[in-house]
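Show me how the following folds:
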Amino acid sequence: MIRHGRCLCGSVAFTARSRTRKAHECHCSQCRRWSGHVWAYVTLPWDALDFSGDADLRWYDHTPKARRGFCGTCGATLFWRQNGSAKVDVSAGAFDMPTGWTLGAPSFGGDKGDYYRL
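Presented below is the predicted three-dimensional model:
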């Protein structure tokens, strides 16, 4: 199945080839600070993404082991990728609807913000 995604301003746009049926949610402090709350994402092979616009794609090396991708124009949160990995986590909210996904079990629930319940 082909799915289309983009940042808020459309400067970073992509298609993804995937049969993924589950999205995931991360409650770790890094994802909360990066996204503003819980980060919902889907994990895909990096080579399943085809970019039709990526001139404004920027990467932030937030740890020695991983980096986060975002739009340099609108600042949209888009990707998380472990260095050397063949996979990438892509913001679920960047995809056009309908996605047909269901949300899986939360990760790092013990690190969640104190202002909401799981």
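
Any idea which helix or strand in this structure has the lowest mean pLDDT?
Across the helices and strands of the chain, the lowest-confidence element by mean pLDDT, DSSP states H and E is strand 102-107, at a mean of 89.

and it, what does it pack onto?
On a contact count with 3 or more C-beta pairs under 8 Å, 6 or more residues apart in numbering; DSSP states H and E, strand 102-107 meets strand 22-26. Placement of C-beta: from N, CA and C, glycine included.

can you dump the C-alpha coordinates of the strand it packs on into CSV?
Listed next in CSV are the C-alpha coordinates belonging to strand 22-26 (Å, rounded to 0.1, in the frame of the first residue of the first chain):
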residue,chain,number,x,y,z
LYS,A,22,-0.1,-0.4,13.9
ALA,A,23,1.0,3.0,15.0
HIS,A,24,2.9,3.3,18.3
GLU,A,25,3.1,5.9,21.0
CYS,A,26,6.2,7.0,22.9
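
Check what contacts it and list those residues.
Residues outside strand 22-26 that contact it (C-beta atoms under 8 Å, 6 or more residues apart in numbering) are 38-43, 89, 92, 99, 101-108.

so where do the helices sit in this protein?
29-35 (DSSP state H).

before we move on, the earlier item: the inter-axis angle of the least confident helix or strand of the chain versus strand 22-26?
Counting by axes from the mean of the first three to the mean of the last three C-alpha atoms, to 10 degrees, strand 102-107 points 30 degrees away from the direction of strand 22-26.
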